[in-house]
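S.K.: The following block contains a protein sequence and its predicted model.
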Amino acid sequence: MNGASGVGGGARARSGLASSGPWWALIAAFPFVAALTTVVLVYAVVADRLPEPLATHFTTTGGRADGYGTAQDLLTVVLGLLVVFGAVFGALLQVRAFRPATPWLIAGGYATAAGVGYPGCLTLLANEGVADASAVRLPLWHLPVLLVVALAAGVLGRLLAGAPPRLPHPESGGEPRLDLPPGTAAGWSRTVSSPLMAVLGGVLFCAGLVLGVLVGWPALSLILAGVLVLPFASVRVTVDRRGLTVAPTLLPSRLRIRRVPLDRIAQATGRPIAALREYGGWGYRIRSGGSGLILRSGDGIVVTLTGGRTFAVTVDDAATAAALLNTYADRARSQQGG
């Protein structure tokens, strides 16, 4: 069952992305190359008019210079970040679970490249023609400008990436229980990814690193937020004789987001889920009467627990998973009764 659903879905995803892959690779690489080139060109233009050392770090009150370094130090940090982030986004584009989210990853790459390149160029230009680096000021209004520039770059990247591939929608319906002969076992597993969570986590993490260079430890909160969000960007949903398990695909398999054992399952249903209307958004949501891991709108498993509460997770082929859960739950109840 796992092979029929998981491998087949992966094959459809690969075929849907094959024609757009090379173009997406070029589009994804462009912002990092462009940002790196821009920083180098700005340095080449202002190099003769830079003080030694430069003002490279500024306070959050008044934008006064409180950190200094050579131009080579600044270039090493900025260009190094662009290379590292470019490699990270390039690697994420190769992860099969993220392939349907490729346009959003590209958008995140554009926002990140702009978020790194803009402060680098701004710092060089702020130091131009200044005899004493301690006199350099970088007003705080540049921070919202940085966010606007990064957002605009992200929008541009999303537009250039085009529409994501349209994967075939799984057939709904099927019996509420699988005809599984006594004494036999089966397993079901699917991976579901959230472009929004991936981009949000990546942007928070990258913004924290960039702002950490500029303002220091207060940016650690952004890095922590990114670390907390990224594990929810892609999860594996598994149904087997132990029950329902939801685990992040980017972390070791022993780390789980949620496990619902069979003895807590009253009934499972596969049905469409509206993320905003039913749960008020995306991510791990808690509402009156239940909770859920909602990564998108669409097919999902809704499990009614023995206490009356519900747990939901959005995933393709939810009807098959729910039917298998009901079969295993029936078995568990009959064994307890016997």
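M.R.: Structure received. Numbering: from 1, shown residues only.
S.K.: okay, CA-based contacts and neighbour counts for the rest of this
M.R.: Fine.
S.K.: any low-confidence regions in the protein?
M.R.: 1-24, 60-62, 94-101, 163-176, 211-219, 253, 337-338 (pLDDT under 70).
S.K.: now the strands for it?
M.R.: 54-58, 65-69, 188-193, 234-240, 243-248, 258-261, 265-273, 283-287, 290-294, 298-305, 310-314 (DSSP state E).
S.K.: what's the angle from the longest one to strand 298-305?
M.R.: For the pair strand 265-273 and strand 298-305, the angle between their directions (axes from the mean of the first three to the mean of the last three CA atoms, to 10 degrees) equals 160 degrees.
S.K.: Compute the inter-axis angle for strand 265-273 and strand 290-294.
M.R.: 50 degrees.
S.K.: And strand 265-273, what does it pack against?
M.R.: Helices and strands touching strand 265-273, as assessed by 3 or more CA pairs under 8 Å, 6 or more residues apart in numbering; DSSP states H and E, comprise strand 298-305, helix 318-337.
S.K.: could you redo the ones you listed as CSV and give each row mean neighbour count and distance to G183?
M.R.: Conversion of those to CSV gives the following (neighbours: other CA atoms under 10 Å; distance: least, CA to CA, whole Å):
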stretch, mean neighbour count, distance to G183
strand 298-305, 22, 24
helix 318-337, 20, 10
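S.K.: Now distance to Y68 too, for the ones you listed, in JSON lines please.
M.R.: Output for the helices and strands packed on strand 265-273, formatted as JSON lines (distance: least, CA to CA, whole Å):
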{"stretch": "strand 298-305", "distance to Y68": "52"}
{"stretch": "helix 318-337", "distance to Y68": "57"}
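S.K.: For L204, find the nearest of the strands of the chain.
M.R.: strand 283-287 (15.3 Å; CA to CA).
S.K.: Direction included, what does the closest one pair up with?
M.R.: If you go by DSSP bridges, strand 283-287 pairs up with strand 290-294 (antiparallel).
S.K.: And the partner strand, how far out from the chain middle?
M.R.: 18 Å (CA atoms, centre = their mean, to the nearest Å).
S.K.: List every C-alpha atom in it, with coordinates, as CSV.
M.R.: Taking Å, rounded to 0.1, in the frame of the first residue of the first chain, the C-alpha atoms of strand 290-294 are listed here in CSV:
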residue,chain,number,x,y,z
GLY,A,290,-9.8,19.5,18.8
SER,A,291,-6.5,20.3,17.1
GLY,A,292,-4.8,19.6,13.8
LEU,A,293,-1.7,20.0,11.7
ILE,A,294,-3.0,22.0,8.7
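S.K.: Identify the residues contacting that strand?
M.R.: 275, 279, 281-286, 309-314 (CA atoms under 8 Å, 6 or more residues apart in numbering).
S.K.: 7 Å instead?
M.R.: 275, 282-286, 309-314 (CA atoms under 7 Å, 6 or more residues apart in numbering).
S.K.: picking that back up, let me have the strands of the chain in a markdown table, extended by distance to G157.
M.R.: A markdown table is the format used below for the strands of the chain (distance: least, CA to CA, whole Å):
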| stretch | distance to G157 |
| --- | --- |
| strand 54-58 | 29 |
| strand 65-69 | 33 |
| strand 188-193 | 20 |
| strand 234-240 | 21 |
| strand 243-248 | 27 |
| strand 258-261 | 34 |
| strand 265-273 | 29 |
| strand 283-287 | 24 |
| strand 290-294 | 25 |
| strand 298-305 | 26 |
| strand 310-314 | 27 |
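S.K.: Centre-most residue in this structure?
M.R.: A198 (0.9 Å; CA atoms, centre = their mean).
S.K.: so that residue sits right up against L228, yeah?
M.R.: No - in this structure, A198 is not within contact of L228 by CA atoms under 7 Å, at 11.1 Å.
S.K.: Quick check: neighbours shared by these two?
M.R.: Contacts common to A198 and L228, judged by CA under 7 Å, 6+ apart, are absent.
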